[in-house]
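In: sequence and predicted structure are below.
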Amino acid sequence: RMCEGGIYDHLGGGFSRYSVDDRWLVPHFEKMLYDNAQLLDLLALAWQRGGNPLFATRARETVGWLAREMTTRDGAFCASLDADSEGEEGKFYVWSKNEIIELIGPEAAEFFAAHYDVSDEGNFEGHNILNRLASVPRSGDDEARLASLRAVLLDARAARVRPGLDDKVLADWNGLTIAALVNASIVFDAPEWLAMAKRAFAFIAGGMTRGDRLGHSFRDGKLLLPGLASDYAAMIRAALALYEATGERGYLDRALAWQRAFDAHYSDAETGAYYLSADDASDLLLRPHATADDAVPNANSVAAGNLVRLAVLVGDDAFRARADRLMEHILSANARNLLGHVALLNALDLRLRGAEIVAVGADAERFAEAALRLPFVDRIVLRASDASGLPPSHPAQEKLKAVTGGAAFVCVGERCSLPVMDAGDLAAAVAAMRK
């Protein structure tokens, strides 16, 4: 319903901030980067689960919007688009039926109106919000014709007075977007999305980092330092997503450098949790220490998932121990508010049943590519050309020595599978190890 309702921009792509009704028809027309990043992740997971082509279409259109309207000259992503233009909320996005007739003619306008809930009287305060909530049969030819008509309307809309663009680059929201682009690029076989993610990451790692300290926002050459816990958590997650996707060591090194700074300046030694602000931030009477999710996952929860991944990717159980301590502290203190800590439950799920998939041998990359196509929320992909690429304590260490060609091992907990010799068998091997 969200993908078909007015909360989605059917001409330009991307989702508005929220709906003010129970049908997803009437949005608050502001578009936020963080919403669209999380929805892109969700679209990829939903498509993997059920194969609904609608989700693939909306993912591609949303990334198209990010590339066209939300990308800075440096390749990072802007924070938001306003709801208002010319002093009126939604004016940029709504239509009268006569406007559509003038653009595409009466016959085509009637066809378009039937599919997008357009009427003379309008469906919102005398205007029309384009949506496909009504169940209208559509053939492949209908969809092709609608696409061409949408393109005409999109071109015409571009001549309107645009809503204001908040072109600040926020590290935390960019981190969410980078990771989503990485994940979706694999699911939808879109290497150009991975290139977008790499470019945005390069700007933040270079232009918004001083030493190992990450800034929060950047605009007009001005960097706001120090960053927030949310910046570190989201950008470390982005770095790890890029490392798993590419195997390029520089992304892991950057994640580790940021993690060291994060631990040094934000951690609470008594609980293992993280404060929102740095210990050297100025003008703070109190350091916020919230753990509940908000419009974005809480930084502590994202950090817990990062620590679980670092334990595997680096081969250091100290990261796992810190993740356990962090999760135990938050869950024990918030047992009555689990719905406010769903992101932490995701991290806990990764910790308890996450599949470590070790791609080995001369043909390791083929196995890594197959592993990456499994849902990203509960798999960790590690490449090791030979036994030296794994820590001595890794449960696959001895098994790896017996492999001469390419293979993969699936490890869940302290158990590892026999070598998987056919990359097409990985999903079944993961399912078997989780039983």
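Out: Arrived safely, thanks for sending.
In: just the buried residues of the helix or strand of the chain with the lowest mean pLDDT, please?
Out: Of all regular secondary-structure elements in the chain, judged by mean pLDDT, DSSP states H and E, the least confident is helix 397-400 with a mean of 77. Buried residues in helix 397-400, counted by 16 or more other Cβ atoms under 10 Å: Q397, K399, L400. Just so you know, the C-beta spots here come from the backbone N, C-alpha and C atoms, and that holds for glycine as well.
In: just the residues contacting the helix or strand just after it, thanks.
Out: Scanning forward in sequence from helix 397-400, with DSSP states H and E defining helices and strands, the next element found is strand 407-412. Contact with strand 407-412 is made by 353-361, 367, 370-371, 394-396, 399-400, 416-421, 423, 426, 429-430, 433-434, as judged by Cβ atoms under 8 Å, 6 or more residues apart in numbering.
In: buried members of these into PyMOL, please.
Out: Filtering the contacts of strand 407-412 down to the buried ones (16+ other Cβ under 10 Å) takes a single PyMOL command:
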select buried, resi 354+355+356+357+358+359+360+361+367+370+371+394+395+396+399+400+416+417+419+420+423+426+429+430+433
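In: just the ones in helices from the contacts of strand 407-412, please.
Out: Cross-referencing the contacts of strand 407-412 with the helices (criterion: DSSP state H) gives R353, F367, A370, A371, K399, L400, L426, A429, V430, M433 as the overlap.
In: contact partners for the first one?
Out: Neighbour list for R353: D378, V412, R434 [criterion: Cβ under 8 Å, 6+ apart].
In: so which residue is dead centre in the protein?
Out: Of all residues in the chain, the one closest to the mean position by Cα atoms, centre = their mean is A180, 2.6 Å from it.
In: what helix or strand is that one on?
Out: Once you assign secondary structure using DSSP H and E, A180 falls within helix 171-187.
In: need the next SSE after that helix, C-terminal direction.
Out: In the C-terminal direction, the helix or strand that comes right after helix 171-187 (DSSP H and E) is helix 191-207.
In: and that following helix, how far from the chain's centre?
Out: Per Cα atoms, centre = their mean, to the nearest Å, the displacement of helix 191-207 from the mean C-alpha position of its chain is 14 Å.
In: ok, now stretch 262-274?
Out: 25 Å.
In: how about stretch 387-394?
Out: Averaging C-alpha coordinates over stretch 387-394 and over its chain gives two centres that are 31 Å apart (Cα atoms, centre = their mean).
In: what's the first-to-last distance across that stretch?
Out: One end of stretch 387-394 sits 10 Å from the other (Cα to Cα, to the nearest Å).
In: what lies in contact with the least confident helix or strand of the chain?
Out: Helix 397-400 is contacted by residues V358, V360, A384, D386, A387, L390, P391, F409, C416, L418, P419 when judged by Cβ under 8 Å, 6+ apart.
In: picking that back up, what is the nearest of the ones in helices among the contacts of strand 407-412 to D141?
Out: Each of the ones in helices among the contacts of strand 407-412 was scored against D141 by Cβ to Cβ, and A370 proved nearest at 36.1 Å.
In: quick check: the closest one vs G247, distance?
Out: Spatial separation of A370 from G247 under the definition Cβ to Cβ, to the nearest Å is 14 Å.
In: now do A233
Out: With Cβ to Cβ as the criterion, A233 and G247 are 23 Å apart.
In: please apply the same query to I7.
Out: When Cβ to Cβ is applied, the distance between I7 and G247 equals 38 Å.
In: ok, the two, which is more surrounded?
Out: Taking neighbours as other Cβ atoms under 10 Å, I7 and G247 compare with I7 leading, 25 against 16.
In: and for the residue lying closest to P288 once chain neighbours are set aside, the neighbour number?
Out: For P288, ignoring the flanking residues on the chain, the nearest one in space by Cβ to Cβ, 6 or more residues apart in numbering is L276 at 4.0 Å. Using other Cβ under 10 Å as the criterion, L276 is surrounded by 17 other residues.
In: which of the three states applies to L276?
Out: Secondary structure for L276, judged by DSSP: H, G, I helix; E, B strand; the rest coil, is coil.
In: buried ones in stretch 213-229?
Out: Using 16+ other Cβ under 10 Å as the test for burial, stretch 213-229 gives R213, L214, G215, H216, S217, F218, L223, P226, G227, L228, A229.
In: oh, that last question was meant for stretch 118-137, not what I typed.
Out: V118, G122, N123, F124, H127, N128, I129, L130, N131, R132.
In: the second one: which element?
Out: Secondary structure assigned from DSSP H and E places G122 in neither a helix nor a strand.
In: quick one: residues contacting it.
Out: With contact set as Cβ under 8 Å, 6+ apart, G122 has these partners: V94, S96, K97, N128.
In: from memory the second one sits against H127, does it?
Out: When you say that, I think you mean S96. Yes. Counting by Cβ atoms under 8 Å, S96 sits close enough to H127 to count as a contact (6.6 Å).
In: one step back: and the furthest pair within the contacts of helix 397-400?
Out: P391 and L418 (20.5 Å).
In: thinking again about what came up before, of the buried residues of stretch 118-137, just say which sits nearest to D84.
Out: Comparing these against D84 with Cβ to Cβ places H127 closest, at 14.3 Å.
In: any idea how far that closest one is from E88?
Out: According to Cβ to Cβ, H127 and E88 sit 10 Å apart.
In: N36 is in what secondary structure piece?
Out: Using DSSP H and E, the secondary-structure element containing N36 is helix 33-50.
In: strands of the stretch 1-150 of the chain, residue ranges please.
Out: Read by DSSP state E, counting those that start in this stretch, the stretch 1-150 of the chain holds these strands, from start to end of the chain: 18-19, 27-28, 31-32, 80-81, 84-85, 88-89.
In: let's have these in a markdown table, adding mean neighbour count.
Out: Putting the strands of the stretch 1-150 of the chain into a markdown table (neighbours: other Cβ atoms under 10 Å) gives the following:
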| stretch | mean neighbour count |
| --- | --- |
| strand 18-19 | 16 |
| strand 27-28 | 21 |
| strand 31-32 | 24 |
| strand 80-81 | 24 |
| strand 84-85 | 16 |
| strand 88-89 | 15 |
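In: pipe those strands into CSV and attach mean pLDDT and distance to C3 per row.
Out: Listed next are the strands of the stretch 1-150 of the chain as CSV, based on pLDDT from 0 to 100; distance: least, Cβ to Cβ, whole Å:
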stretch, mean pLDDT, distance to C3
strand 18-19, 96, 13
strand 27-28, 96, 13
strand 31-32, 98, 15
strand 80-81, 98, 19
strand 84-85, 95, 25
strand 88-89, 94, 22
